[in-house]
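*Asks:* after the sequence you'll find the predicted model.
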Amino acid sequence: MRTQHKANEVSSSLDKSAFSLIKRRANLIMLSEQDVTNFQILFKKEFGTEISREEALEEGLKLVGLMNNIYQPMTQDEHDEIERHRKATASKVTKNINK
């Protein structure tokens with residue numbers, strides 16, 4: 001409880017994005033200067049809008065964090081099992097879609 005109170009004090013003294021950045025860095029997600037630059041370039045190309053280095057860093061860290069959360073490597077056996085299941089259920093799914 002005391003740790004949470006301390007975290008609340010810290011977060012109130014920092015703006016939201018800075019606190020978010022500190023939390024992500026504590027989880028060892030880091031981007032190099034080149035990564036940030038590349039993210040800015042890709043963002044402009046995709047959305048037609050330039051973003052600051054700070055925004056690029058924050059959004060890049062969010063993207064890397066998301067990928068860390070959703071990407072789970074699997075073994076060949078796990079992949080094969082998923083493929084067997086997909087093939088076994090594909091015709092049932094197709095029938096339901098065509099109804």
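*Replies:* Here it is on my side, so go on.
*Asks:* every contact and neighbour count from this point should use C-alpha atoms.
*Replies:* OK.
*Asks:* Lys87 versus the one residue sitting closest to the centre of the chain, what's the distance?
*Replies:* By Cα atoms, centre = their mean, the mean C-alpha position of the chain lies nearest to Leu66, the distance being 1.7 Å. Per Cα to Cα, to the nearest Å, Leu66 is found 29 Å from Lys87.
*Asks:* check which helix or strand Phe43 maps to.
*Replies:* Element membership of Phe43 [criterion: DSSP states H and E] is helix 33-47.
*Asks:* now Val64: how far from Lys44?
*Replies:* The value you get for Val64 to Lys44, if Cα to Cα is used, is 18 Å.
*Asks:* actually Ile51, sorry about that
*Replies:* Counting by Cα to Cα - Ile51 and Lys44 are separated by 8 Å.
*Asks:* got the contact list for Phe91?
*Replies:* Small correction: residue 91 is Ser, not Phe. Ser91 makes no contacts at all, as judged by Cα atoms under 8 Å, 6 or more residues apart in numbering.
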